[in-house]
Every structure is written in structure tokens, then in C-alpha cells.
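Engineer: Need coordinates for the following:
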Amino acid sequence: MLIGNHSVVNTTPHDITIIGVSGATVTIPTSGVLVRLSSRSGHWEIHMGDIKIFARDTLVGVSLEEDGSSFSFDAIPERPTTFYIVSGIVGRHLKERSDILIPMNDPNDDPIRNDNGHIVAVRGLKRP
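Structural biologist: Presented below is the predicted three-dimensional model:
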């Protein structure tokens, strides 16, 4: 989708509807390309003499899934004319990138909710 002279790629699994200040509405459809957090846990043993120590580590990364394949989001170069919309939790891990936006869905952002309390629209997009 184009907004101004920028391509906007919605990498969340949901369409994002934005209701602007004037009341105008725009919906950014999901692109089918998903950016998600991924984690790997490792277990290993360390021997110190006759003493065995167990250790565990968790590595959290961001991966991009497209057409059933997955690779690191870090492999995607930043483009000055492209913004990627990601979830808030993914955005926190990519906040150093200038091409990342997240939906304004925090309670302080005043998102629009349906009768069941589910967010159906947001007021805009923001940097993480």
C-alpha cells in the first residue's frame, strides 16, 4: 500500500484500520508477510571438576515468515521509502530501525473498541 510516497507493508496477521482526526478511515491490509518474535532455548552442562552445572539460555530474535519460509528480519535492509508495520512487542525489539511503525493501540492512544472490548481501529501509527 502507498501512503504519500512511502510503501507501507503491514506485517501483522490483521488488517489495520486507522480513523484519522477528520474521521477519514483507511484500512491497511495484511501483506501475508509476517514478522514475529522467535526464540530458541539451549541447555548444556558445564563440568567443574566433579561438579556438574546445568545452564539454560534463551535467545530472542525477530524472524520474517513468507510463503512458509522464515529468515531473520535483520537481513532486510532499511529502505528510505518503505515502512513496516509490526506488532508492539516486535517493535520493541526493532526500535533502532527508522522504518518500523506500530499501531497506536495502547490504552493511552485511545483505540476504538467494539461492544466486546476488542480493538477495531486505531488513531494512527507511531514509532516504537
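
Engineer: Run a quick neighbour tally on Asn114.
Structural biologist: 9 (other C-beta atoms under 10 Å). Bear in mind the C-beta positions are built from the backbone N, C-alpha and C, glycine included.

Engineer: Return the distance of stretch 11-23 from the chain's centre.
Structural biologist: 15 Å (C-alpha atoms, centre = their mean, to the nearest Å).

Engineer: for that stretch, which positions count as buried?
Structural biologist: Residues of stretch 11-23 classed as buried: 11-12, 16, 18-19 (neighbour count, 16 or more other C-beta atoms under 10 Å).

Engineer: can you list contacts of that stretch?
Structural biologist: 10, 25-31, 33-35, 64, 84-87, 103, 112, 120-125 (C-beta atoms under 8 Å, 6 or more residues apart in numbering).

Engineer: Those residues, buried ones only, as a ChimeraX selection?
Structural biologist: Of the contacts of stretch 11-23, the buried ones go into a single ChimeraX selection, burial set by 16+ other C-beta under 10 Å:
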select :10,28,31,34,35,64,84,85,86,87,103,121,122,123,125
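
Engineer: that older thread, turn the buried residues of stretch 11-23 into TSV, columns for pLDDT.
Structural biologist: As requested, the buried residues of stretch 11-23 are exported to TSV (pLDDT from 0 to 100):
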residue	pLDDT
Thr11	89
Thr12	91
Ile16	97
Ile18	96
Ile19	95
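
Engineer: Among the residues you listed, find me the one that's closest to Asn5.
Structural biologist: Ile18 (18.0 Å; C-beta to C-beta).
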